[in-house]
Every structure is written in structure tokens, then in C-alpha cells.
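Engineer: What follows is a protein structure lacking sequence information:
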């Protein structure tokens, strides 16, 4: 396989936006193109991640809309969908497309327009990422699924629910603080531990501030073979490892709800390919759809022992100045979660951090290697990508 | 890139079926696994094509359902979506996955469950594969789009509408005759030219028999590197060429509605990769969602000059015994069109034909090379695959 690098990135603001899906795609794609220095005519393929334009905006076949909106004519285009990791799927398949030798310069784009349906409808659409026949029909939605994980986690590791709720809130506080300094973020609001803990209960033990946002947004990256990267970019970022795994779809068939097996397997593969260990990672963007998932994910990625990530979070080990900075972007909690754009947005953030060009309050100084973790559904699909600046 | 071969195939019957999406997936996947001789544990990745489980059965994130239903645990899985060519997309990305060296033994699966919504709802869901903001909102559905193409075709090539309608009906007659002998086909019914011409008008000049069916079904194939193929199969089929292109999504921005630019570009790439010409093809499975599209596609693929495919069809050049047999399966017209399964089903049919194991009434004798053509939307996305038996 050929080595692959990122030569350009771009994203829209995340939030409740006036722009249509088409306009969001165009903005992110054009920014990434401009950033890469590649001509539009050099793009040989487009991989487009979108979760459910079919229901959010009644647009299927959206890879061809993405080609139209970015002015890319007649090239191979495809949509990938793996729920909230749809654009990480696009990224990974694009890496394989370049690695295989089929394509040289490729665009990856992720987009979602979610805020033109109400919260009830959005919750129902998201719930389709669970097992419809065993979970959806029973009324089980995502807050409920992750609440179940939090309950098992509390019991398994003997963490009193009162303590766990404080640990979970510390995740929200940290991510909101980072996001406050991110001009692309949806909800730029610094919150206190007390505010986080006292917010409205959604699905016990998860309250409002334990839940990520329903957002609109788009993000894009341009890839090429590593040996061509400096022809385009002064500061290319190399994709040095990836892993991809799929846990068992319905919760009731899983081995252990307190751990993310997909995260464990995907990250092991990625570390092995990159030839590094968790301690070599300078910062990470982790899928915090719910605060409990940041903790479970950090343990699955090998940053903390099982049952210890919450305490570490409360002790500020995961802040921008901590031992392993987590979600300097603000994460899904504060930056926002336009599901089909989330993974691509994590890539954009990571490249900007590795270039050292983000706001100083949330910058991870001298970062060289980062890990990007994105899941689809109830921690079912998992993609891990490891990136390194030159 | 490594060369890639098909070592096993399987499909369900196509039709209005009692089985759920989950059951259809399991049946096709298990048949393909059994046919390949590979153990379940050897499958390293699953590429799943599905157009719109999100609306047909309210199941998103269906790649993880496909993994569950086929008993594949923890491996990389992804859904691809390009409207009616969704599983050809899965096939092509799976080829790249194997070609890149990332995976050895890979499953491709396509499935769609369409008949549990009514025809009006199905038509609306399918219409989402057009441009929502410029076509869908105006009420333009697929019969209307292809009717426009037929009108332009008639005018451009000076074919009187009365003659064109007869040519179109001859496509339906031929595909229904082939499908009558295919036990997997949805509508096994021999029709006369008069019956075809006299059926109810849907969108002038397309009548009921010019339109493909709304079907349920699933189809699967197992791929591996060509140099490993005989470890599994006595009669592997090699993928010797592929092409993939995307025309401009809305009709009003196209150069010429009487031609399929995506088909022309995709097939040119595939022929070049395979090192062959149209005259080397022994038979073809072509996307006959509407009879006019069989004609336009055959011209785009280089089998007939522009404006001449209809006359050739009427003169029986495309029957099983003709100069270029087209849709010996019965095509989307008679075999059926469970959209996410259609492309994978074309692959299954092609492999069975190349093995010489289909019913003699629709068998293409001594076939060595075939071309599979599948489009998404109003001839927007196009995949062409060229297969050869050893």
C-alpha cells in the first residue's frame, strides 16, 4: 500500500445554520481545495460521508449532490454511511483508494443538515442507528442506550453514581471550555461543574450537559500519496495508522457494556500500523456523543485503565495542558455534532492543531502525533486514525 | 494494485417477499459464503450496499445490521449508497480494499426491502435520488425523468414516437422472456409486443411495461486476490476492469439527455483497464430501470451507434442468441429492482452465466467475458465492471 497524506482541510462553522446542505458542502469543499493548493481538475475521486439526508432534508444519493456543489464533474463519487462515523468511513475508504494506486488526489467530505427537523424527529432519526427490530421499536433512543452503559460502568467499577455524575460533568466542563475558544464551535459557553451537574435529567444518570448537540455543518480534507504531498503543501500531515471495527449492533448481545470492544480492536490495529503506543500520542479527538462515551473511549484507546478515566478527567489530566489533551476542539459536546460531518471535522481540527494554527487557549503546543476516534451508533462502528506532522 | 477475483456468489429470490431486511441479508450472505468455500472467520471486511433502509424500514447504520445478520463479528464494515447502484459501489470499493492489500477475503452484500411501503411512498423515496431542491420539490419523479430522456432521444435521432414506443416495448418483451426462465426473478411472465405497447401510460412515452419493478431482495459476492482464488474456488471469475463516473445531478444542467455521459466515461475506463473493446464482450447486464435506459446505456457502452439500439433490439440483436445478449437475467424489468441489491444481483447473475450454470433457455453459451452496468439515479452515478472466467 502507498502511504497517504493530508494536504488540505476546511470546514464550516458548526451550529444551527441558515445554509442548506448544498451550501454547507460547497463551503467546506472549497475551503479544503483552496487550502490544499490543488486545482479542482486534479481531484480524481470524492468520498462523501452523510448519515441521513434521506430524512433530515429528503436528499438521498447525496454523493452526486456533493460533486455538483463542489464543482467536481464526472469523477467517481460515493457516499459512505456508518451513522455518526459516516465521514470517518469516507476518510478511511479514501485512504484505501489512494493507497491502492487507483487515485492520486482525492477529496473527503462530510456534511449533515439536522436542525430543520425538531428535536423529537432528530432523536427518532438518530435512533435508527440502533437495531430497529430489537431496540428502535421498543422506544430505545441514544440517550437511553448510553445511560445504560453509564449504569453498567458505575456498577462494574464500583463507582458511586454520585461520583460518576461528577466525573461525567467534568468532561462537559472541559469540553465546553475548549469549545469556548473555538470559533467554529456550535455552543461557545463556559460552564461550571455545578451548572453541569444541576442541569435537567435526560436519561439517568445523563443530564442535559452530558449530551452532545444537534448541529448543522460540513468538513473536508484533500488526500494524496505521501511522496507527492510537498508538491501541494508546506505542512502535510501523514496518515500513519488506521483501524476500523464493528461491535455487535444491539446492546443485549454485547459482552460488556462498560467497555467499547470496537474501540479496543480499532485502536490496536491503528497503533500497530503506526508502530506506536498510546503514550506517544500528543492529543486526541474522541467521540463524546455523551460524556460517558468519552470515558469509555479513553479507556478503550489505552490512555487510562478501565474505570479510571473519570477520575483522571476530574483531576484535569485531559485538559489542553494535561497529560493527554482530549477534545481540544470542544468535542461533539461543544463544537457540535452534525453527525455526517463529525469525523471529517475531527480530522480538520487535528490537522490545524498539528500545524499549530489554532487559538492559543486551546492549542496543544508542539503536537506531533494525534489520534482521531469516531464511533457510529451505540459505539458499534469505530474508526481510529493516527496522524503525524512532518 | 493487486488483481481481484470473485470466489463465491449468492442471492435471494427477488420479489414482494415476506422476509425482513435482516433475513434477506442473512440468506444472501450465507449462500455466498457457502459457495465460496471460505470460513466465516476468514472474512476480513464487509462492504454493504443499501439505498434507503432509513425510509423503507427505518433502519440506518445498516452495515452493522448486515454484519450481525451474517454472523461477522468485529470486522470493518461500511455501507455505501449511490441510489440504485449502491451495491455496485460496495463492490467497487471492496475491489479497491483487496487491491490495496488492506484485506484478502472480503464480502460484498447488497439488500433492499421496498414492498412494505406503498407505491406512492416508494416513488417518493426513489425520487430523493434526484436533486431535491431542483427536481424533487417540483414533483419530478423517476418515470418523468426517464420519459424526458425518451422524448429528447426521439427528437435527437429523428425516431418517430410511434416507432420508438415499439422499440422500447421490444426491450420489455425480451427481458420478460429471459426472466420467465429465471427462478430468482420477481415477475416471471412472457408478454407479447402488443401487450407491452398497450399497457397503461405512466409518463409519456413510457407505459407500465417500460418501468422496472419495486422489489425486495439481497445478493452477495466474496472477493479475494486473484492469486489466492483457486485456493477457494474451482471456477473463480476475475475482475479485469472497472470504471466509475458521476454525471451532473439535475437534468437541466446536462449537456445532452439522449446520451449517458457517466456510462460513456465509466465504460471507457473499464475497457482500457481490461484491455478489450465492446466487441470482446460476450453478454452484458445493463441497467434497464426504464426501457429507454437500456437503449441509451447500450449506446454509451459502445455496443450500438447513437440512436440505433432500439432498432437493434426490435431486430433481436440483444436476445440470448443475438449478437450481444443483454440482460439474460431478465434485468430490472423482470428479475426485479430491489435497488440496493440490484448491482450485486447483476454480479451474481454474471458469475453464474460465466460458470454456465443457468437455465438453458436463457444461457449465453461459452461466455468468457461479460460487462456489468449499473446506474444510480437519473443515470447520474455509473459503475461498469468487466468480468472474465478463467
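Structural biologist: Arrived safely. These figures come from a predicted structure and were not determined experimentally. Numbers count the residues shown, from 1 in each chain, chains lettered A, B, ... in the order given.
Engineer: use CA for all of it now, contacts and neighbours both
Structural biologist: Noted.
Engineer: Tell me which residues touch the residue in the stretch 51-200 of chain A that chain B sits nearest to, please.
Structural biologist: As assessed by Cα to the nearest Cα, chain B sits closest to residue A:100 within the stretch 51-200 of chain A, at 3.8 Å. Counting by Cα atoms under 8 Å, 6 or more residues apart in numbering or on different chains, residue A:100 makes contact with A:1-2, B:1, B:96-97, B:99-101.
Engineer: And residue A:15, by the same measure?
Structural biologist: Residue A:15 is in contact with A:185-187, A:214-217, A:336, counting by Cα under 8 Å, 6+ apart.
Engineer: And the furthest pair within the residues you listed?
Structural biologist: Between any two of those, the greatest separation by Cα to Cα is 13.1 Å, found for A:187 and A:217.
Engineer: more crowded one of those two?
Structural biologist: Between residue A:187 and residue A:217, counted using other Cα atoms under 10 Å in any protein chain shown, the more crowded position is residue A:217 (34 against 22).
Engineer: Help me confirm that the more buried one comes into contact with residue A:13.
Structural biologist: Yes. Counting by Cα atoms under 8 Å, residue A:217 touches residue A:13, with 6.3 Å between them.
Engineer: Filter the contacts of residue A:15 down to the ones in strands?
Structural biologist: Those of these mapping onto strands are residue A:217, per DSSP state E.
Engineer: and the contacts of residue A:15, which are buried?
Structural biologist: Buried residues within the contacts of residue A:15, counting neighbours by 16 or more other Cα atoms under 10 Å in any protein chain shown: A:185-187, A:214-217, A:336.
Engineer: Backbone dihedrals for the residue nearest to residue A:214 when sequence neighbours are not counted, both of them.
Structural biologist: In this structure, residue A:214 finds its nearest non-sequential neighbour in residue A:337, 5.9 Å apart by Cα to Cα, 6 or more residues apart in numbering or on different chains. Backbone dihedrals for residue A:337, given as degrees, to the nearest 10, come out at phi -140, psi 70.
Engineer: can you pull out the helices in the stretch 101-250 of chain A?
Structural biologist: Secondary structure of the stretch 101-250 of chain A by DSSP state H, counting those that start in this stretch: the helices cover A:119-127, A:142-156, A:161-180, A:193-197, A:229-232.
Engineer: now those in a markdown table, with distance to residue A:111, mean pLDDT and mean neighbour count?
Structural biologist: Below are the helices of the stretch 101-250 of chain A laid out as a markdown table (distance: least, Cα to Cα, whole Å; pLDDT from 0 to 100; neighbours: other Cα atoms under 10 Å in any protein chain shown):
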| stretch | distance to residue A:111 | mean pLDDT | mean neighbour count |
| --- | --- | --- | --- |
| helix A:119-127 | 15 | 96 | 17 |
| helix A:142-156 | 20 | 98 | 20 |
| helix A:161-180 | 20 | 98 | 25 |
| helix A:193-197 | 29 | 97 | 17 |
| helix A:229-232 | 25 | 98 | 16 |
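Engineer: what does the model give residue A:36 for pLDDT?
Structural biologist: If you check residue A:36, the pLDDT there is 98.
Engineer: Quick check: which element contains the nearest residue to it once chain neighbours are set aside?
Structural biologist: The shortest distance from residue A:36 to any non-neighbouring residue, by Cα to Cα, 6+ apart, is to residue A:8 (3.8 Å). Element membership for residue A:8 (DSSP states H and E) is strand A:4-11.
Engineer: Name the residues that touch that strand?
Structural biologist: Identification of contacts with strand A:4-11 by Cα under 8 Å, 6+ apart yields A:27-37, A:95, A:98-99, A:217-226, A:229, A:232-233, A:235-240, A:345, A:348, A:351.
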